[in-house]
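> Here is my input, please return the structure:
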Amino acid sequence: MTPLLKKARPVRNYDLYANHAWYVPGVKGMFALLLWFLLGSLLGSVVVAVFSLFAPAQVVADYGTLVAYPLSFLPAMIYVARQSQQNSLFEPGYKLNSNHWGPFKGWSIVLITVALSFATMITADLPNYLNFKFTTSFPALKKAYDVVVALLQQMTGGPFWSSFLLTAIFAPIFEEWLCRGMVLRGLLTRMKPGWAIVLSALFFAIIHMNPWQALNAFIIGVVMGYVYYKTGSLFLTMLIHFVNNGTAVILGHIPSLKDYEFWMDMMDKTTYAVVYVLGVAVLVACILAFRRIPLEHPKGNMDPVELMD
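Below you'll find the model as predicted:
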């Protein structure tokens, strides 16, 4: 043991940033996190099932997921905190959240990120539509799709505030901690950035557990992965996640729009073509803006943290 070390860092499982910096998972660790996440999902389901024995069915339908969803991440958080505590004695770590914004300051990086969010949503719309048309052309997959839609509507069909809290607040916080803060951060230290970004996006797609959300999650996951690689900022990836999910929740609670599944459903073909081309152009412009941020660390702009004193 290095003579500079005196004691392990105290464990605070709720600290999503500083307390988890010394756990830097590779591919094996990624699969371990996936297993802990699946265990947590089972735990959340059990808690909701017990809750349903004592609460009215409508209350469970409206609010059960608010309880189950955070619980699905709890085992992984505890596992990471313990591993990080042990590693802090012997190995340096990397911050989950850094702020390498290059020439951009303050609101400029926020505005670019918001523009990137909407541009990604527009650009992903056509691949998502084609994926939907292809997969639902098979009767068995069409039945599976109907089941998935029914489950999602049950999860987010409650009051607006609970749907917004779950989808636009909880999901960005917990999923970005897991998929970018843990998985991508770890992979970037062990392989080429391109492979790390793609693999973490696949992980992000898998935890959505259905092929229709998975493709959209993969596309957005690649974009968020690149943003994290260039900036090290979980704040920015959470912002992208928030804009994407928050927009979906808001549109889903507007009576005249709630039955539309794709952006192309909301406009005529000519308007959609113009909007789509503009979306792609804005996406490219935003990616070029992020390319202007210099890499201060060869594995990505994640600030290293030293061993504990």
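> all helices of the protein, in order?
27-52, 57-87, 107-135, 139-156, 160-164, 171-176, 185-188, 193-206, 211-231, 234-252, 269-291 (DSSP state H).
> Return the set of buried residues in the first one.
Judged by neighbour count (16 or more other C-beta atoms under 10 Å), helix 27-52 contains these buried residues: 29-30, 32-34, 36-37, 40-41, 44, 48. C-beta: built from backbone N, CA, C; applies to glycine.
> Quickly name whichever of those is closest to Gly225.
Nearest to Gly225 among the buried residues of helix 27-52, counting by C-beta to C-beta, is Met30 at 13.4 Å.
> For the closest one, which residues are in contact?
Neighbouring residues of Met30 by C-beta atoms under 8 Å, 6 or more residues apart in numbering: 183, 186-187, 199, 203.
> Buried subset of these, written for ChimeraX?
Command for ChimeraX that selects the buried part of the contacts of Met30, burial taken from 16+ other C-beta under 10 Å:
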select :183,186,187,199,203
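> Rebuild the contacts of Met30 as CSV, extending it with pLDDT and distance to Val148.
Listed next are the contacts of Met30 as CSV, based on pLDDT from 0 to 100; distance: C-beta to C-beta, whole Å:
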residue, pLDDT, distance to Val148
Val183, 98, 24
Gly186, 96, 30
Leu187, 97, 28
Leu199, 97, 24
Phe203, 97, 20
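> any idea which of the buried residues of helix 27-52 is closest to Met121?
Phe37 (25.1 Å).
> how far away is that closest one from Val223?
According to C-beta to C-beta, to the nearest Å, Phe37 and Val223 sit 22 Å apart.
> cool, Asp303 as well?
When distances are taken as C-beta to C-beta, Asp303 and Val223 turn out to be 22 Å apart.
> quick one, which of the two is more surrounded?
Val223 (24 against 16; other C-beta atoms under 10 Å).
> Grab the nearest non-local neighbour of the more buried one.
In this structure, Val223 finds its nearest non-sequential neighbour in Thr120, 5.0 Å apart by C-beta to C-beta, 6 or more residues apart in numbering.
> Tell me which residues touch that neighbour, please.
219-220, 223, 240, 244, 283.
> Narrow those residues to just the buried residues.
Counted by 16+ other C-beta under 10 Å, the contacts of Thr120 give 219-220, 223, 240, 244, 283 as buried.
> Roughly how far does the residue nearest to Val223 sit from Ile197?
14 Å.
> Check Glu261 too.
Taking C-beta to C-beta as the measure, Glu261 falls 27 Å from Ile197.
> Which one's more surrounded, those two?
Ranked by neighbour count (other C-beta under 10 Å), Glu261 and Ile197 place Ile197 first, with 25 against 15.
> hang on, that one packs against Gly225?
Yes: Ile197 lies in contact with Gly225 (C-beta atoms under 8 Å); the separation is 3.6 Å.
> Which neighbours do the two have in common?
Residues within reach of Ile197 and of Gly225 at once, by C-beta under 8 Å, 6+ apart, are Leu184.
> Run through who's touching the worst-scoring helix or strand of the chain on mean pLDDT.
Across the helices and strands of the chain, mean confidence by mean pLDDT, DSSP states H and E is lowest for helix 139-156: a mean of 76. With contacts defined as C-beta under 8 Å, 6+ apart, helix 139-156 is touched by 61, 65, 132, 135-136, 163, 166-167, 210-213, 249, 252.
> Generate JSON lines for these, with neighbour count as supplementary columns.
Formatted as JSON lines, these follow (neighbours: other C-beta atoms under 10 Å):
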{"residue": "Ala61", "neighbour count": "16"}
{"residue": "Thr65", "neighbour count": "22"}
{"residue": "Phe132", "neighbour count": "16"}
{"residue": "Thr135", "neighbour count": "17"}
{"residue": "Thr136", "neighbour count": "15"}
{"residue": "Ser163", "neighbour count": "22"}
{"residue": "Leu166", "neighbour count": "21"}
{"residue": "Thr167", "neighbour count": "23"}
{"residue": "Asn210", "neighbour count": "17"}
{"residue": "Pro211", "neighbour count": "16"}
{"residue": "Trp212", "neighbour count": "20"}
{"residue": "Gln213", "neighbour count": "15"}
{"residue": "Val249", "neighbour count": "16"}
{"residue": "Gly252", "neighbour count": "19"}
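> so which of the buried residues of helix 27-52 comes closest to Ala57?
Closest to Ala57 out of the buried residues of helix 27-52 is Val48 (11.6 Å), distances taken as C-beta to C-beta.
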